[in-house]
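In: What follows is a predicted protein model with its sequence.
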Amino acid sequence: MIAGALLGAWGTHRIVDAHERSDFDAEVQRIDAALEERMTAYVQVLRGGIGLFHASTEVTRTDWRRYVDTLALDERYPGFKSLSFARAVPARELPAFVAGVRAEPRPPGLTVLRSMRDYRTRAPSGSRGIPPVHAPIEWVAPFTAENQVVLGVDMMREPRRRAAMLEASRRRQAVLSPRLRLSGSVDAEAGFIAYVAVRRRGRVDGWLTAAFRAEQFMRGLLGPAPSPLSFEIRDGDGALLYSTAGVRPDGGPRPLPDVDAVYERRATVPMPGRTWDVRYVAPAGFVPLGSRLGPWLVLLAGLLTAGAFFALGRVGDRWRRLADRLAAQAEDLRRARADAEAATDAKAAFLATMSHEIRTPMNAVVGMSALLAESLDDGHQRGQAEVIRSSGDHLLRVIDDILDVSKLEAGKLALEQQAFSPGGCAAGVVALLDADARSADVALALDVAPDVPGHVMGDPGRLRQVLLNLVANAVRFTPAGGRVDVVVGRAGDPADARLAFAVRDTGPGIEAAVHERLFDAFEQADASTARTHGGTGLGLTISQELVGLMGGRIEIDSAPGSGATFRFTIPLRVVASPAAARATATPGAAAPLRVLVAEDGAVNQLVARTLLERLGHEVEIVGDGAAALDAVQRDSFDAVLLDLRMPVLDGFATARELRARSAPGDGPWLVAMTADVLPAHRERARTAGMDDFLPKPVTLAALDATLRRVPARARVRRP
């Protein structure tokens, strides 16, 4: 029984400790979040100042003071000592700058720089020489006597300030300085400065600076509910910025005393361009007296009554029930995962089936509408037929996008690896969209850098898909008279085969707030985009995922009114120029061929016959694979077009049998003509012995290009 009482006391102690530690952790998170939120809000004040510069061609001292007055810093942003602007002045322009400042009208009591000598004497102590670029403080607000002393101070002379300013220019973000002694402050008072570079016309005009006293910055951080914890904040280099222990007589923060704490934690809080190290301490009074006495009361109750043993037994039962429940939940999760995977597979199979079923009738719609458009002399009727064809093409692109999204979500989209020309891939995309660009009065240009390798190893089809999406979007959103540039270059070290692709347009531009959202499925820049320009919002989603599979990421650089640039960099292995093609696959001339078509659909038979006869070829049609074998047995054909899904004998089995009946390198040229367009179907067709792959719907141009690849050795010799 004593052992049971001891166990009960120990368990109670663990529970109390876990509860109090949870409270401690929650309080730490509250303080961390408050620090980050306050700094974010204060940095936004600086960013608002940048907006003032961007909105005006010239900002005066009066404009700056009015802007600061509207902020009501004392009421809304406690902790600001001053907001100022330091002008970027090259050394050679310093005398003219000083003369200009001296000539400006100024409020009474404002000290004016009178000479270079005065300027040097106003620089912070300890500077060595005049740097190539100066950053004298030109304006400051609030315009108090304490703040006036910083006017003319060259921020570049002090190494810590200079480092923070240069880092802000490089990163184009706000950057904090380390702990500093601010001008007008007591010797040991801790302070720091936030810098944001002001860029206009591609160069740094100066820096907006916000000076903070650390003690005032922390004032009111947690609102009306003070923290029960003690904590101190140190800069990344260990300098003490703030402590809840108060300040020393010299004005500096007082470190927390080294005492035994109930709980203690050290955390790193990210700040703009720096990190702050925070040490949290829970004093003895953090844990209530009742919580501290709890384990002892349990022990006493266990020693005095046998009921404690029974209570512990109940606790054990409860833990066992919880374990059983957790085990059951784990099994439920396993089953749910299996069900989800099965649902994903079923979804993929459903989409593949629906794609086949839609492509099959669309073969007739697209093929026959194209032929109808070519045969009509009336321009109006020809335009109507062309609308039918283009609508069918658009529907097929939507289906392909949905299939790609489904495969990406399921993680079943694999990249192919083959040698190809990156410049040729980009050129093919530009050539494909050139007609659309010309009809929209948009100049479309390609620039391939000389150091781009001739051939690399990768997936040309998926790269072409990404470029096609980006360039098509650029053409679609660029107004008449605009320009779209496609750039292919090499990134990084010359020995590293990283290729950089960029698509630039002169369109309306995109707000920064929607940059990331553009890559979400079914998302566009605004709700009117789909109505104005069309599109499903899947293209960029698919492109980002494909580039991610290739080892890169699409980035966007755009602002309203300045066009948009989409760029990405991917690693590709450089390879030697591949052999042109096997000798047996040398294409012949576009002479009439004798073609056998194995297709079970009557409509698709009609489409195939019409297209082939339009190209001038001799055609024979059969309805299944067995009939195709009989036809090849009794007659000779240059090429055999095989549907993959046929009764009696499908296209795969037919191809294998035809290859088995002929000697290697002999026999007709076999082409899979099918609505099954997934990579798995292509690979299965190739394994079965197919020489080429022609996806439905079949267009006249695609069919002609496929038959032009029929090699001379496969052609039937005619007298």
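Out: Here it is on my side, so go on.
In: Tell me how far residue 223 lies from residue 217.
Out: 15 Å (CB to CB, to the nearest Å). C-beta coordinates here come from the backbone N, C-alpha and C atoms, glycine included.
In: who has more neighbours, these two?
Out: Looking at residue 223 and residue 217 with other CB atoms under 10 Å, you find the greater number of neighbours at residue 217, namely 24 against 7.
In: who's in contact with that one?
Out: By CB atoms under 8 Å, 6 or more residues apart in numbering, residue 217 lies in contact with 38, 78, 79, 242.
In: Return the member of these nearest to residue 198.
Out: residue 79 (22.4 Å; CB to CB).
In: Is the closest residue to that closest one other than its chain neighbours within a helix or a strand, and which one?
Out: Closest residue to residue 79 apart from its sequence neighbours, by CB to CB, 6 or more residues apart in numbering: residue 217 at 3.5 Å. According to DSSP states H and E, residue 217 maps onto helix 214-218.
In: and that helix, what's its mean pLDDT?
Out: Helix 214-218 carries an average pLDDT of 83.
In: and what of stretch 95-104?
Out: pLDDT averaged over stretch 95-104 gives 78.
In: on that earlier part again, from residue 155, how far off is the residue nearest to residue 79?
Out: Taking CB to CB, one finds residue 217 at 20 Å from residue 155.
In: what bridges to the closest residue to residue 261 other than its chain neighbours?
Out: In space, and not counting its chain neighbours, residue 261 is closest to residue 281: 4.4 Å by CB to CB, 6+ apart. When bridges are taken as DSSP bridges, the partners of residue 281 come out as residue 230, residue 264.
In: Just confirm residue 281 contacts residue 243, I think it does.
Out: No - the criterion here is CB atoms under 8 Å, and residue 281 misses it with residue 243 at 10.5 Å.
In: show me where pLDDT drops low in the stretch 451-600 of the chain?
Out: 493-496, 521-537, 577-590 (pLDDT under 70).
In: Helices of that one, start to end?
Out: Applying DSSP state H, counting those that start in this stretch to the stretch 451-600 of the chain gives helices spanning 460-477, 529-533, 539-549.
In: Can you get me a residue count around residue 551?
Out: Using other CB under 10 Å, residue 551 has 14 neighbouring residues.
In: how close does it get to residue 498?
Out: Counting by CB to CB, the gap from residue 551 to residue 498 is 9 Å.
In: what's the neighbour count on residue 159?
Out: The burial count for residue 159: 11, using other CB under 10 Å.
In: Equivalent analysis for the one 10 residues further on, please.
Out: For residue 169, the count of nearby residues is 19 (other CB under 10 Å).
In: residues making contact with the helix or strand where it lies?
Out: Assigned by DSSP H and E, residue 169 belongs to helix 159-171. Contacts with helix 159-171, where a contact means CB under 8 Å, 6+ apart, come from 86, 124, 131, 135, 155-156, 174-178, 180, 193, 195-197, 204, 207, 273.
In: How about stretch 62-70?
Out: Contacts to stretch 62-70, defined as CB under 8 Å, 6+ apart, come from residues 48, 49, 52, 56, 83, 85, 139, 141, 142, 143.
In: Mind listing what's buried along that stretch?
Out: Residues 64, 65, 67, 68 are the ones in stretch 62-70 that count as buried (16 or more other CB atoms under 10 Å).
In: residues shared between the contacts of residue 551 and residue 498?
Out: Common neighbours of residue 551 and residue 498 (CB under 8 Å, 6+ apart) are 570, 571.
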